[in-house]
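J.: Please find the sequence and the predicted model below.
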Amino acid sequence: MCNDKLIINLPDVEATLKLGSTLASFFLETKKLVPIFLNGDLGAGKTTFVRALVESFPGAQNAEVSSPSFNILNIYPTKPQVAHFDLYRLEGQTPDDDFFDLLSDKKTLTVVEWIQYLNIEFWPESALLFTWTPAASGRTIELTLHGSATSLYEELASFLKSFQ
(Lines give C-alpha, C1' and ligand atoms only; values in the text may rest on other atoms or scores of the structure.)
Protein backbone atom coordinates (compact mmCIF):
# COMPACT_ATOMS: atom_id res chain seq x y z
CA MET A 1 0.00 0.00 0.00
CA CYS A 2 1.25 3.44 -0.86
CA ASN A 3 1.30 5.84 2.08
CA ASP A 4 0.98 9.60 2.34
CA LYS A 5 1.14 11.03 5.86
CA LEU A 6 0.00 14.14 7.67
CA ILE A 7 0.93 15.03 11.26
CA ILE A 8 -1.80 16.68 13.34
CA ASN A 9 -1.26 18.14 16.81
CA LEU A 10 -4.18 18.05 19.24
CA PRO A 11 -3.29 20.10 22.32
CA ASP A 12 -6.68 19.60 24.00
CA VAL A 13 -10.19 18.14 23.75
CA GLU A 14 -11.44 21.17 21.82
CA ALA A 15 -8.87 20.47 19.09
CA THR A 16 -10.01 16.83 18.94
CA LEU A 17 -13.63 17.97 18.53
CA LYS A 18 -12.62 20.47 15.85
CA LEU A 19 -10.72 17.77 13.94
CA GLY A 20 -13.84 15.57 13.91
CA SER A 21 -16.08 18.36 12.63
CA THR A 22 -13.47 19.43 10.05
CA LEU A 23 -13.28 15.89 8.69
CA ALA A 24 -17.09 15.73 8.50
CA SER A 25 -17.05 18.95 6.47
CA PHE A 26 -14.49 17.36 4.15
CA PHE A 27 -16.72 14.33 3.53
CA LEU A 28 -19.83 16.48 3.04
CA GLU A 29 -18.08 18.75 0.55
CA THR A 30 -16.22 16.10 -1.45
CA LYS A 31 -18.89 13.36 -1.23
CA LYS A 32 -16.01 10.85 -1.03
CA LEU A 33 -16.47 8.40 1.85
CA VAL A 34 -13.31 6.56 2.86
CA PRO A 35 -13.17 4.18 5.84
CA ILE A 36 -11.55 5.75 8.90
CA PHE A 37 -9.33 3.53 11.03
CA LEU A 38 -8.34 4.64 14.53
CA ASN A 39 -5.31 3.25 16.33
CA GLY A 40 -4.41 4.42 19.83
CA ASP A 41 -4.39 3.60 23.51
CA LEU A 42 -7.36 3.74 25.88
CA GLY A 43 -8.24 7.35 26.61
CA ALA A 44 -6.44 8.72 23.54
CA GLY A 45 -9.53 10.60 22.34
CA LYS A 46 -10.76 8.24 19.61
CA THR A 47 -14.41 8.18 20.73
CA THR A 48 -14.37 11.95 21.35
CA PHE A 49 -13.20 12.40 17.76
CA VAL A 50 -15.97 10.08 16.48
CA ARG A 51 -18.59 11.97 18.50
CA ALA A 52 -17.58 15.28 16.89
CA LEU A 53 -17.48 13.68 13.44
CA VAL A 54 -20.96 12.13 13.79
CA GLU A 55 -22.50 15.22 15.41
CA SER A 56 -21.38 17.31 12.43
CA PHE A 57 -23.49 15.36 9.93
CA PRO A 58 -27.15 16.07 9.12
CA GLY A 59 -29.42 13.85 11.22
CA ALA A 60 -27.07 13.86 14.21
CA GLN A 61 -29.81 15.13 16.50
CA ASN A 62 -31.10 11.53 16.47
CA ALA A 63 -27.69 10.00 17.21
CA GLU A 64 -26.40 9.18 20.66
CA VAL A 65 -22.69 8.65 20.13
CA SER A 66 -20.94 6.29 22.50
CA SER A 67 -18.17 3.75 22.35
CA PRO A 68 -19.44 0.45 20.92
CA SER A 69 -17.02 -1.50 23.14
CA PHE A 70 -19.62 -3.99 24.32
CA ASN A 71 -21.90 -4.32 21.30
CA ILE A 72 -19.02 -3.84 18.79
CA LEU A 73 -21.14 -1.72 16.38
CA ASN A 74 -23.20 1.44 16.58
CA ILE A 75 -24.97 2.73 13.48
CA TYR A 76 -25.89 6.41 13.54
CA PRO A 77 -28.86 7.75 11.53
CA THR A 78 -26.91 10.55 9.91
CA LYS A 79 -26.52 11.53 6.29
CA PRO A 80 -24.30 9.83 5.36
CA GLN A 81 -24.94 6.94 7.72
CA VAL A 82 -21.99 6.29 10.05
CA ALA A 83 -21.11 2.74 11.16
CA HIS A 84 -18.89 2.90 14.26
CA PHE A 85 -17.04 -0.30 15.15
CA ASP A 86 -14.87 -1.07 18.16
CA LEU A 87 -12.70 -4.16 17.64
CA TYR A 88 -11.18 -4.19 21.14
CA ARG A 89 -13.12 -7.27 22.26
CA LEU A 90 -12.31 -9.08 18.99
CA GLU A 91 -8.56 -9.23 19.46
CA GLY A 92 -7.33 -12.31 17.59
CA GLN A 93 -10.71 -12.91 15.90
CA THR A 94 -12.05 -11.97 12.48
CA PRO A 95 -15.15 -9.76 12.47
CA ASP A 96 -18.38 -11.12 10.97
CA ASP A 97 -19.71 -10.51 7.46
CA ASP A 98 -21.74 -7.46 8.58
CA PHE A 99 -18.47 -5.68 9.34
CA PHE A 100 -17.08 -6.33 5.86
CA ASP A 101 -20.40 -5.45 4.19
CA LEU A 102 -20.47 -2.05 5.92
CA LEU A 103 -16.76 -1.51 5.28
CA SER A 104 -17.34 -1.83 1.53
CA ASP A 105 -20.66 0.09 1.47
CA LYS A 106 -19.94 3.29 -0.49
CA LYS A 107 -22.94 5.07 1.09
CA THR A 108 -21.83 4.45 4.68
CA LEU A 109 -18.92 6.11 6.43
CA THR A 110 -17.27 3.34 8.44
CA VAL A 111 -15.17 4.25 11.47
CA VAL A 112 -13.20 1.49 13.20
CA GLU A 113 -11.58 1.89 16.60
CA TRP A 114 -8.80 -0.54 17.57
CA ILE A 115 -7.97 -1.27 13.94
CA GLN A 116 -4.72 -2.90 15.07
CA TYR A 117 -6.87 -5.95 15.89
CA LEU A 118 -7.79 -6.42 12.22
CA ASN A 119 -5.12 -8.14 10.14
CA ILE A 120 -4.04 -5.80 7.34
CA GLU A 121 -4.92 -8.49 4.77
CA PHE A 122 -8.59 -7.72 5.54
CA TRP A 123 -8.24 -3.97 5.04
CA PRO A 124 -10.14 -2.45 2.12
CA GLU A 125 -8.33 -1.05 -0.90
CA SER A 126 -8.67 2.48 0.49
CA ALA A 127 -8.58 3.86 4.05
CA LEU A 128 -7.55 6.74 6.30
CA LEU A 129 -5.52 5.57 9.29
CA PHE A 130 -5.33 7.87 12.32
CA THR A 131 -2.61 6.78 14.78
CA TRP A 132 -2.91 8.55 18.15
CA THR A 133 0.17 9.00 20.35
CA PRO A 134 0.71 10.99 23.55
CA ALA A 135 2.59 14.27 23.14
CA ALA A 136 4.14 16.74 25.58
CA SER A 137 0.89 18.68 25.34
CA GLY A 138 -2.16 16.65 24.33
CA ARG A 139 -1.89 14.15 21.47
CA THR A 140 -0.28 13.83 18.07
CA ILE A 141 -2.03 12.06 15.23
CA GLU A 142 -0.26 10.60 12.27
CA LEU A 143 -2.80 10.42 9.45
CA THR A 144 -1.78 7.87 6.82
CA LEU A 145 -3.68 7.63 3.54
CA HIS A 146 -3.72 4.09 2.15
CA GLY A 147 -4.47 2.77 -1.31
CA SER A 148 -6.62 4.94 -3.54
CA ALA A 149 -7.17 7.33 -0.61
CA THR A 150 -3.75 8.76 -1.49
CA SER A 151 -5.51 10.60 -4.34
CA LEU A 152 -7.25 12.67 -1.63
CA TYR A 153 -3.96 13.84 -0.13
CA GLU A 154 -3.90 17.41 -1.49
CA GLU A 155 -7.59 18.00 -0.86
CA LEU A 156 -7.47 16.59 2.66
CA ALA A 157 -4.23 18.41 3.50
CA SER A 158 -5.85 21.67 2.39
CA PHE A 159 -8.89 21.05 4.60
CA LEU A 160 -6.74 20.18 7.58
CA LYS A 161 -4.59 23.30 7.16
CA SER A 162 -7.68 25.33 8.01
CA PHE A 163 -7.97 23.19 11.13
CA GLN A 164 -4.43 23.81 12.43
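T.: Okay, I see it.

J.: what's the burial count for residue 14?
T.: By other CB atoms under 10 Å, 11 other residues sit near residue 14. No exception for glycine: its C-beta is placed from N, CA and C like everyone else's.

J.: Now it: which helix or strand?
T.: helix 13-30 (DSSP states H and E).

J.: strands paired with whichever helix or strand comes after that helix, and their directions?
T.: On the C-terminal side of helix 13-30, the closest following helix or strand by DSSP H and E is strand 36-39. With DSSP bridges as the test, strand 36-39 is paired with strand 108-113 (parallel), strand 126-134 (parallel).

J.: what's the following helix or strand past strand 36-39 packed up against?
T.: For strand 36-39, the following helix or strand on the C-terminal side (DSSP H and E) is helix 46-55. Applying 3 or more CB pairs under 8 Å, 6 or more residues apart in numbering; DSSP states H and E, one finds that helix 46-55 contacts helix 13-30, strand 36-39, strand 81-86, strand 108-113, strand 126-134.

J.: list the buried ones in helix 46-55?
T.: For helix 46-55, the neighbour count (16 or more other CB atoms under 10 Å) marks 46, 47, 48, 49, 50, 51, 52, 53, 54, 55 as buried.

J.: For the helix or strand just after that helix, list every residue counted as buried.
T.: Heading C-terminal from helix 46-55, the first helix or strand you meet, by DSSP H and E, is strand 73-76. Applying a neighbour-count criterion of 16+ other CB under 10 Å, one finds 73, 74, 76 buried in strand 73-76.

J.: Same check on stretch 60-70?
T.: Neighbour-count burial for stretch 60-70 [16+ other CB under 10 Å]: 60, 63, 65, 67, 68.

J.: Now the residue nearest the centre of the chain. Nearest residue, chain neighbours left out?
T.: Computing the C-alpha centroid of the chain and ranking residues by CA atoms, centre = their mean puts residue 36 first, at 3.2 Å. What sits nearest to residue 36 in space, not counting adjacent residues and going by CB to CB, 6 or more residues apart in numbering, is residue 111, at 4.6 Å.
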